[in-house]
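J.: The sequence and its predicted three-dimensional model are supplied below.
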Amino acid sequence: MDQVLVVLGCHVKNGRPGGALERRLTHASSVAALYPQLTVIMSGGKTWQGVSESSAMSAWWIARGPSTVLISEDQSMNTRQNALYVAQLCKERGITEVLLVTCDFHMPRARYLFQRHGLRVIPHPSPSPKKGWLRFRRQLREWGAWLISPFESLLK
């Protein structure tokens, strides 16, 4: 198998996926239904009130998602690290292509970062609410992330 489904982490609230993360998981569940043979990687190590993104994602998936093989990548703290650590997991398994699930506004940068690590990316963007101010705020954050990403390693 040279493909895997990857879901990127996001905010966890009270031990459960927040709104954006639940939208990603719901969308990923739909994608997984089309490709039931795929292993799923839940990528996100950031901890919210003691619960990592990947742990909350895996618990949601086990309770609601299709029965698939799950891998939890729980070291990454940002999108750049999601791409790095998932690429390492893929390389160990001979996987060259990822079906990537993240929010629609986040997909261009995530796709770019995964491709930089030699992975072929098939984007499966999760739709975000179209509310004016919140949408603008999310997009502004992404623009900022694009601007600082070349310098991220220097900011440690």
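T.: It's in.
J.: Neighbours of the nearest residue to residue 98 once chain neighbours are set aside, how many?
T.: In space, and not counting its chain neighbours, residue 98 is closest to residue 6: 4.7 Å by Cβ to Cβ, 6 or more residues apart in numbering. Just so you know, the C-beta spots here come from the backbone N, C-alpha and C atoms, and that holds for glycine as well. Residue 6 has 29 neighbouring residues, counting by other Cβ atoms under 10 Å.
J.: Run through the residues that contact residue 79.
T.: Residue 79 sits next to 8, 106, 109-110, 113, 145 when contact means Cβ atoms under 8 Å, 6 or more residues apart in numbering.
J.: Are any of those buried, and if so which?
T.: Burial by neighbour count, 16 or more other Cβ atoms under 10 Å: within the contacts of residue 79 this picks out 8, 106, 109-110, 113.
J.: for the chain, what spans make up the helices?
T.: Assigned by DSSP state H, the chain shows helices spanning 19-34, 53-64, 79-93, 107-116, 132-148.
J.: for these, which one sits closest to residue 70?
T.: Proximity to residue 70, assessed across the helices of the chain by Cβ to Cβ, is greatest for helix 53-64 (5.6 Å).
J.: Which strands or helices does that closest one pack on?
T.: On a contact count with 3 or more Cβ pairs under 8 Å, 6 or more residues apart in numbering; DSSP states H and E, helix 53-64 meets strand 16-17, helix 19-34, strand 40-43, strand 70-73.
J.: So which elements touch the third one?
T.: This points to strand 40-43. Judged by 3+ Cβ pairs under 8 Å, 6+ apart, strand 40-43 is in contact with strand 3-8, helix 53-64, strand 70-73, helix 79-93.
J.: Much appreciated, bye for now.
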